[in-house]
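Asks: return a 3D structure for these sequence lines:
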Amino acid sequence: MNVSKFFQLEKHSSSIKQEVLAGVTSFFTIAYIIIVNPLILADAGMPYYGVLLATILTSVAGCFFMGFYANAPIILTPGMGVNAFFTYTIIQGMGLSWKEALAAVIISGILFLAVASTRLKDVLSESIPASLKHSITVGIGLFLAFIGLQKGGIIEASPTTFVKLGHLGHPTTLLTIIGLVVTLFLFSRKVKGSFLIGIALTCLIGYLTGWAHGTEDTHNKLELAPFMELFFGADFKGIFSLPFWIATFSLTMIVTFENMGLLHGLLPDREKFPKAFQANAVASLISGILGTSPTISTVESAAGISEGGRTGLTSVVTGILFLASIAVTPFLSMIPDGAIAPVLIIIGGLMVQNIQHIPLSDFTEGFPAFLIIALIPLTYSIVDGLAFGFIAYPVLKMAVGQRKQIPVPLYVIALLFLINFMFHSVI
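Replies: The predicted structure is shown next:
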């Protein structure tokens, strides 16, 4: 296979070297999910190493499908946020077993695929006003920066003010600040591979100084038996219960609109949206079959895109590294948060630049955009941030007599978000 021709590298002004570098950068930025996702789902009673292997295999399948089918540089892994919703709301809150929750993931994946494979995806996508599309990018950028600041210890939780400045003398915080300076210097000098080099140098500094602390992983061996318990382990017995369908509806809303929002915010080539959206849906379905929470287009994809990733080769390289990670999971748990945080903060800052395209002087356009920008990071949920903005947009337009500017599908989207909020208020 002619790699350059298959991925149309010349058309995208890219090269194999550039795409490989982007894929490697994306992988090391998102590698923490291999350890963190199993830790969260273990709280639901699921076997840790079974979920670890399911996380890796789901990510491999998602990245390969995104790369070979959609030719897009988007990384798919089980999503942070939706994994917490899966564990703490669906299982611990609503009382579904983890096997029933996996069944809900599969059905939501089928519904998502139905949307992504029909004209409905185009109707939904085209109905989103430009101001909201740009605000999604900005909101995700702030969210990414917020995660980076949090992972790096620069900000921390506060019982009185919710968030406050972290302890600047803490080893993780010091490492983050040094890593931020190093990576900013490399990036501003336009050094090729600045993010990957920044991660490597920060790791080196961290272990030389003793400041590095990786993700806690108390497990030390990979076993196949726990994974086989999860593989095709979904239980559809709860399909006739109301909690099951509330869970399924909520998951469908999350995976459909969060992935749509992320793709609008991240894709460098909007023509790739239809196939990329379909790849998302297939990966979401696969995640339930393999035994983990749904996949999401990761915000960390922006790291690879910022390094020059333009095609699916970036995703394929990341998928290969996920596959190889089966043998080196203990090493991945050693990557300190202080090495990853600077990259997330810088990329967040780059994405916020899109705010210049939002007509803030028009309150009916600017305020819904503001709600999305503010509430994505403040609710720690992309889909909840989208909901407030999408509900406010038609309300404000109607208030000033501009109903004709509201696409009809936008009313439906706003209504679906309202219904989702109603469900969440009773569970």
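Asks: per-residue pLDDT of L124, please?
Replies: pLDDT recorded at L124 is 85.
Asks: to clarify, my last question referred to I155.
Replies: In this model, I155 carries a pLDDT of 96.
Asks: what lies in contact with the helix or strand where L124 lies?
Replies: L124 is part of helix 120-126, with elements assigned from DSSP states H and E. If you take CB atoms under 8 Å, 6 or more residues apart in numbering as the criterion, helix 120-126 is touched by 114-115, 260, 264, 273-274, 277-278, 407, 409, 413. For glycine as for every other residue, the C-beta is placed from the backbone atoms N, C-alpha and C.
Asks: got the CA positions of that helix in PDB?
Replies: Extracted in PDB, the C-alpha atoms of helix 120-126 (Å, rounded to 0.1, in the frame of the first residue of the first chain):
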ATOM      1  CA  LEU A 120     -30.100  13.400  10.000                       C
ATOM      2  CA  LYS A 121     -26.400  14.100  10.800                       C
ATOM      3  CA  ASP A 122     -26.200  16.700   8.000                       C
ATOM      4  CA  VAL A 123     -29.500  18.300   9.200                       C
ATOM      5  CA  LEU A 124     -28.200  18.500  12.800                       C
ATOM      6  CA  SER A 125     -24.700  19.800  11.700                       C
ATOM      7  CA  GLU A 126     -26.000  22.400   9.300                       C
END
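Asks: quick check: domain ranges of this structure?
Replies: Using automatic domain parsing, the domain parsing of the chain gives 10-212+225-351, 360-425.
Asks: would you turn those domains into a markdown table with distance to S4?
Replies: Shown next, in a markdown table, are the domains of the chain (distance: least, CB to CB, whole Å):
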| stretch | distance to S4 |
| --- | --- |
| domain 10-212+225-351 | 7 |
| domain 360-425 | 34 |
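Asks: just name the most buried of the ones you listed.
Replies: Comparing the domains of the chain by mean neighbour count (mean count of other CB atoms under 10 Å), domain 10-212+225-351 comes out on top with a mean of 21.
Asks: start to end distance for it?
Replies: Criterion CA to CA, to the nearest Å; first-to-last residue distance in domain 10-212+225-351 is 26 Å.
Asks: quick one, what contacts E19?
Replies: With CB under 8 Å, 6+ apart, E19 has these contacts: 7, 9, 73, 308-311, 313-314, 317.
Asks: nearest to L242 among the residues you listed?
Replies: P73 (40.6 Å; CB to CB).
Asks: next, the closest one: phi, psi?
Replies: phi -80, psi 40 (degrees, to the nearest 10).
Asks: same thing with D362?
Replies: phi -100, psi 110.
Asks: quick check: the gap between it and I35.
Replies: 45 Å (CB to CB, to the nearest Å).
Asks: how about K99, what does it touch?
Replies: K99 neighbours (CB under 8 Å, 6+ apart): 233-235.
Asks: just to revisit the earlier point, now do the helix or strand that comes right after the helix holding L124, average pLDDT.
Replies: For helix 120-126, the following helix or strand on the C-terminal side (DSSP H and E) is helix 130-151. Averaging pLDDT along helix 130-151 yields 89.
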